[in-house]
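> What would the 3D arrangement of this be:
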Amino acid sequence: MAVEWITNKLYIVDKVQGLILVVNLDKPYLTKSIVHKLNNPLDIVVHPKKGKIYWILESHSIMSTNMDGTDVIETIVSVGPEDQTVTRDDSTTQMFIDFTTDHLYWTENVEDHGFSGLIRRVNLNTKETETILEMANIPLAGATMINNNIYFTDLRDGRLYRKEGKTNGTFLLTTSSKSFNQDIEVPCFLLSSQSQPQLLDNPCEVDNGGCSDFCLIDSVARYRCSCPTGIQLQDTMNCDTPHNKSLVVANDTRISMITLSSSGPVIDRVLTSKPRNLKSIDVDIRENKIYWSEINLEGGAIWVLDMKTGEVEKIVWEDMLRPNSIAVDWNAQNIYWVDSSPEGKGTLEVMSLKSRKRSVLKKYDEVSKRPHKIVLDPNEKFLFVSYPVPVKEVITRMWMDGSNPYDIMTMDIRGPTQRGAQVVSSLAIDLIDKKLYWSSNDNMNHISSCDYAGENKDINNDHYDRHVETLSILNRNMFVQNLQYSADTKVMEYQEYENGDTQLSKTYTFHHLKGNIVSMRVSSVAVLENAKQPCRTLCPGKICIPTDIEPLCRCGDDDKPCKEETEQKVEVIMNHLPDSPALCNDSLCNGHGTCIQYKMTSNGSYARKCECDEGYDRPGAIRKKGPNIAISPAIAVLIVIVLIAVVVALLWWHPKLCNYPNSDKDRLRDHSSEGDDTETFQQDQQAKKLAKLAQTGIGRSYLQTKKDDSCVEQFV
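Residues are numbered from 1 along each chain as shown. Sure thing, here's the model as predicted:
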């Protein structure tokens, strides 16, 4: 590696991926891949005055390009097959530059009746090369220059030597490395304080040169603006929206990312090595942040990595045992998690990322029914949780405040599972195609999917000879780990077609991750199109939870002043409801229900709702079946004729009858209210109930008045 000390950048050679990377040391989260497809690069040096970087390959050829990688790669020293030296397997090569003479020096070891060490140099202006030192039977490691003297180390014994100026005299300074450092057996590299002279002024010193991300020294212009890997310049200075589409993958100790929207080579980049026993990750696409949960000896914790600043922060840790799964609502800036601990906790919780207030939405008291996976769709305001029950596995859909739960999928456990009773090893949502996917952990090893209503189920069992631990999907592109044993961690991308068939399209290699993938997320800014932020200015100091009508302000569980203030507001609303504008009249609710008016909590305006009388079903509800009565066919025909006549008469005299919902969302909401009879309440009693529910967030009513004043079921 080499430090570019003028503008404070770090250049790194990645031998595994064959890359040269540049890191902004002032903003270490900014990384750019500038040179690709190299054959075993060994070392790199920088020449800020020339605006060039130089690197040496394992063949000892030396190459060069601009410091931002934009120029054509130039060969400085060419070594053909007949000239290549045989290098020791454990040898190292170090380069350094004499900036006063523009000579580049490097060490290499050749086989000549044993390994001999060489120090060679090339004139960067004329490209003439020469050997200035040969140490017979002594392989060399590191070298540097101080006051026109070259210092170098013996690779075999770690002895330090000095070659003075242009003379051939070589002096042994130490008999072994232990004489100056007891902890280092063989010093490989040498550094000098004189290797970083002030060759020029910093062109990026003021406001980073006006660049939004990278300001790099240029060989022609004084500097050039550039962007991290996978991001393009909008103009000459500002970078585009970061990471249009990316795949974030994590094992238990490291998180890496591949940018999928880049036209350049696919490069995996380590984002953080901070996690310890990581369990789950999620991506805040809007704020460009990555969250993860982990479990350690002290308990559980949730952390966040800000991709814009590189800062890492622990945001939740108190009263947390096993946060097995997390999900982020990037519209309302809330984070959800399930805490599934056999020691006593089984909760679904939420915390506002703005106010840092947290609340328990649901408690699962039975140990056998503890939730273990969670995903959500912030645009549709749906939350999905999976949990085991005896000999079954259940996936439940609910609103984002935990209300209106509906079991969209119940699966029988077939055969032994990999981890006790848990069958669903991973949950994933296609936010564009609006489908739920899950991977099986039983002996079936399949991936299944359905729509948000639990219908149109599809099972894919073609490619998985081992159970799939984690998956992610977007726009019918499915990402799963390659479960074949290999030195590198690989993720396969499958394209799913309309007929349900899948085909392998790409394979991504994460060179810096080892072992099984614990969690992964594919994200794209495409999901933000037409997405609304209903909680942007609402509920200060509270938890703002989006609902289908209006956002719900919820107090934190430990926020007593907030709860007391809420109770006072409920009393004020109840006392002033009789004086509210007269929204209700006798013509509403079809004449067979009670019209109730109440005050909205968000803007203070009034709304009305209908409560149908006993004997009149809500739209979409199913009447309870009575006892079976045997009748003859003739009587049945007569009854049908009479019923048709009654319906025609009612339509004539009561044109404002309730209409059945026929949209997809109405169909989803009808499930939880089937077979439910409604008790008639008086207007003042129902107003009191609705006002309290609207303020405290315990629940919501299920009716809303449309323009035609007919009743349409919303939610319970």
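> tally of neighbours for the residue nearest to Asn379 when sequence neighbours are not counted?
Leaving aside its chain neighbours, Asn379 sits nearest to Ala531 (5.3 Å; criterion: C-beta to C-beta, 6 or more residues apart in numbering). All C-beta spots, glycine's among them, are computed from the backbone N, C-alpha and C. Other residues near Ala531 come to 14 when the count uses other C-beta atoms under 10 Å.
> Next, Arg286: phi, psi?
When read as degrees, to the nearest 10, the backbone of Arg286 gives phi -70, psi -40.
> how close does the closest residue to it other than its chain neighbours get to Leu353?
With C-beta to C-beta, 6+ apart as the criterion, Arg286 has its nearest non-adjacent residue at 4.3 Å, and that residue is Trp330. In this view, Trp330 and Leu353 are 9 Å apart by C-beta to C-beta, to the nearest Å.
> Which one of those two is surrounded by more residues?
Neighbours were tallied for Trp330 and for Leu353 using other C-beta under 10 Å; the higher tally belongs to Trp330 (24 against 19).
> Any idea what Lys289 is bridged to?
Counting by DSSP bridges, Lys289 is bridged to Asp284, Asp306.
> try Leu140
As for beta bridges, Leu140 partners with Asp154 under DSSP bridges.
> residue contacts, it?
107-109, 117-119, 152-155 (C-beta atoms under 8 Å, 6 or more residues apart in numbering).
> make it 7 Å
Contact partners of Leu140, counting by C-beta atoms under 7 Å, 6 or more residues apart in numbering, are 107, 109, 117, 119, 152-155.
> Is it possible to get TSV of those that adds distance to Trp337, pLDDT and neighbour count?
Output for the contacts of Leu140, formatted as TSV (distance: C-beta to C-beta, whole Å; pLDDT from 0 to 100; neighbours: other C-beta atoms under 10 Å):
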residue	distance to Trp337	pLDDT	neighbour count
Thr107	54	87	26
Asn109	55	82	23
Gly117	58	85	26
Ile119	59	88	19
Phe152	56	87	26
Thr153	52	85	27
Asp154	56	82	21
Leu155	52	78	23
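> contacting residues around stretch 251-259?
Residues from elsewhere that reach stretch 251-259 (C-beta under 7 Å, 6+ apart): 229-230, 243, 246-249, 266, 268-273, 275-278, 281, 290, 292, 508, 510, 512-518.
> Buried subset of those as a PyMOL selection?
The following PyMOL line selects those of the contacts of stretch 251-259 that are buried, judged by 16 or more other C-beta atoms under 10 Å:
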select buried, resi 229+230+243+246+247+248+249+266+268+269+271+272+275+278+281+290+292+508+510+512+513+517+518
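> Of the contacts of stretch 251-259, which belong to strands?
Among those, the ones falling in strands (DSSP state E) are 246-249, 268-272, 278, 281, 290, 292, 508, 510.
> Between those, which sits nearest Cys535?
Nearest to Cys535 out of the ones in strands among the contacts of stretch 251-259 is Ile290 (C-beta to C-beta; 21.2 Å).
> tell me the pLDDT at the closest one?
At Ile290, the pLDDT value in this model is 94.
> What of Asp451?
Reading off the confidence values, Asp451 has pLDDT 91.
> before we move on, the earlier item: which secondary structure element contains the residue nearest to Asn379?
In the assignment (DSSP states H and E), Ala531 maps to no helix and no strand.
> correct me, but it touches Lys381?
No: counting by C-beta atoms under 7 Å, Ala531 stays clear of Lys381, with 11.2 Å between them.
> just to revisit the earlier point, and of the contacts of Leu140, the nearest to Asp14?
Distances from Asp14 to these, taken as C-beta to C-beta, are shortest for Thr107 (21.1 Å).
> which one is that closest one nearest to, not counting chain neighbours?
Per C-beta to C-beta, 6+ apart, closest to Thr107 is Leu140, 4.5 Å.
> ok, that neighbour to Arg224 distance?
Separation of Leu140 from Arg224 (C-beta to C-beta) stands at 37 Å.
> Also Glu311?
Per C-beta to C-beta, Glu311 is found 27 Å from Arg224.
> Give me the more crowded residue out of the two.
A side-by-side neighbour count of Glu311 and Arg224, using other C-beta under 10 Å, places Arg224 first with 23 against 11.
> Run through who's touching stretch 22-31.
With C-beta under 7 Å, 6+ apart as the test, stretch 22-31 has contacts from 8-12, 21, 32, 34, 213-214, 228-229, 269, 307, 309-310.
> so how far is the first residue of it from its last?
For stretch 22-31, the separation between the terminal residues is 6 Å (C-alpha to C-alpha, to the nearest Å).
> Repeat that for stretch 268-277.
21 Å.
> Surely Ile119 and Leu104 touch.
No: shown here, Ile119 and Leu104 do not form a contact pair, counting by C-beta under 7 Å, at 11.6 Å.
> just to revisit the earlier point, can you give me every residue that contacts the residue nearest to Arg286?
Counting by C-beta under 7 Å, 6+ apart, Trp330 makes contact with 284-287, 378.
> Give me the buried entries from those residues.
For the contacts of Trp330, a neighbour count by 16+ other C-beta under 10 Å gives the buried set as 284-286, 378.
> Could you measure from Leu474 over to Ser439?
Going from Leu474 to Ser439 by C-beta to C-beta gives 16 Å.
> do the same with Val648
As judged by C-beta to C-beta, Val648 and Ser439 stand 54 Å apart.
> more neighbours, the two?
Ser439 (23 against 10).
> Can you check my assumption that the more buried one lies in a strand?
Yes: per DSSP: H, G, I helix; E, B strand; the rest coil, Ser439 lies within a strand segment.
> Who is it paired with across the strands?
Ser426, Ile447.
> In contact with it, which residues are there?
Going by C-beta under 7 Å, 6+ apart, the list of residues near Ser439 reads 425-426, 447, 468, 471.
> Identify the residue spatially nearest to Leu38, adjacent ones excluded.
Nearest one to Leu38, counting by C-beta to C-beta, 6+ apart, is Gly18 at 4.2 Å.
> now Gly209
Cys215 (3.9 Å).
> if you average pLDDT over the longest helix along the chain, what comes out?
When the chain is parsed with DSSP state H, its longest helix is helix 633-653. The average pLDDT within helix 633-653 is 75.
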